[in-house]
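Asker: based on what follows, work out the 3D shape:
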Amino acid sequence: MGFSFSKFLGKTKPESSSNDSIEAIIEAVGNEPYGVSKNNVLFSGLNELGGYFFFQTVIVGAFKVKCKNGAKLTFIGKDFELRLNSDSNEFESDHTDVKGRFVTKIDFLIEETDIERLKEAELKQVLLKVKQQEITFSKYIASDEEE
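Answerer: Numbers count the residues shown, from 1 in each chain. Below is the predicted model of the structure:
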C-alpha cells in the first residue's frame, strides 16, 4: 500500500503559519493520517520492494530537518513496542506553498513478521526521533461531523 509523494507537495491555498492547523493539513492532503502531533501530521503506508518491506512515512507540518544520521521510529502500545530504523541515513524536508509547512519523507525498514504484530497492536503513540528532535504522534481520530 504505497502512496504518491506528489500529492503532499501539491498546490494548496497559501495561509500563514500561525493559522496552519492539523485540520488544514489533513484537508489539504486528503488522505487519512496515521497520527497527529501538535504541529505535524504523520501519513504512512506499507510497501514491499524486492523482498524488503518498508514502512513509508510522510510528515507534513512544522517539522523541518536535514539529516545525515538516519531516524528511528518507535511504536508504543499496550504490551507492545517496536523500533524501526530509517532505510536511508540522509533525507531532508521540502518546502510547500504554505508558509511554515514542510514535507518530510522517511522510509523505515520493517520485517515481514513485524507487519502483522503492528497491524494487531493497540497503539498509544508513535515516537519519531531525528537528530535532537523528537515528535510524539497520537492516534488520529476522525471527526464524525459532516458539513
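Asker: need phi/psi at residue 30.
Answerer: For residue 30, the backbone dihedrals (degrees, to the nearest 10) come out as phi 80, psi 10.
Asker: ok, what's across the strand from the residue nearest the centre of the chain?
Answerer: Nearest residue to the geometric centre of the chain (C-alpha atoms, centre = their mean): residue 42, 2.8 Å. Taking DSSP bridges as the rule, residue 42 bridges to residue 35, residue 59.
Asker: for it, give its distance to residue 79.
Answerer: 22 Å (C-beta to C-beta, to the nearest Å). The C-beta positions use only the backbone N, C-alpha and C, and glycine is treated the same way.
Asker: how about the helices in the protein?
Answerer: Applying DSSP state H to the chain gives helices spanning 6-9, 22-29, 112-120.
Asker: thinking again about what came up before, give me the pLDDT value at the residue nearest to the centre of the chain.
Answerer: pLDDT, residue 42: 97.
Asker: the helices of the chain: which one's closest to residue 142?
Answerer: Of all the helices of the chain, helix 22-29 sits nearest to residue 142, with 8.7 Å by C-beta to C-beta.
Asker: quick one: that closest one to chain centroid distance?
Answerer: 13 Å (C-alpha atoms, centre = their mean, to the nearest Å).
Asker: so residue 58 sits against residue 34, correct?
Answerer: No - counting by C-beta atoms under 8 Å, residue 58 does not reach residue 34; the two are 9.4 Å apart.
Asker: please enumerate the shared neighbours of those two.
Answerer: The contact sets of residue 58 and residue 34 overlap at 42-44 (C-beta atoms under 8 Å, 6 or more residues apart in numbering).
Asker: name the nearest of these relative to residue 28.
Answerer: residue 43 (11.6 Å).
Asker: nearest residue to the closest one in space, please, no chain neighbours.
Answerer: residue 58 (4.6 Å; C-beta to C-beta, 6 or more residues apart in numbering).
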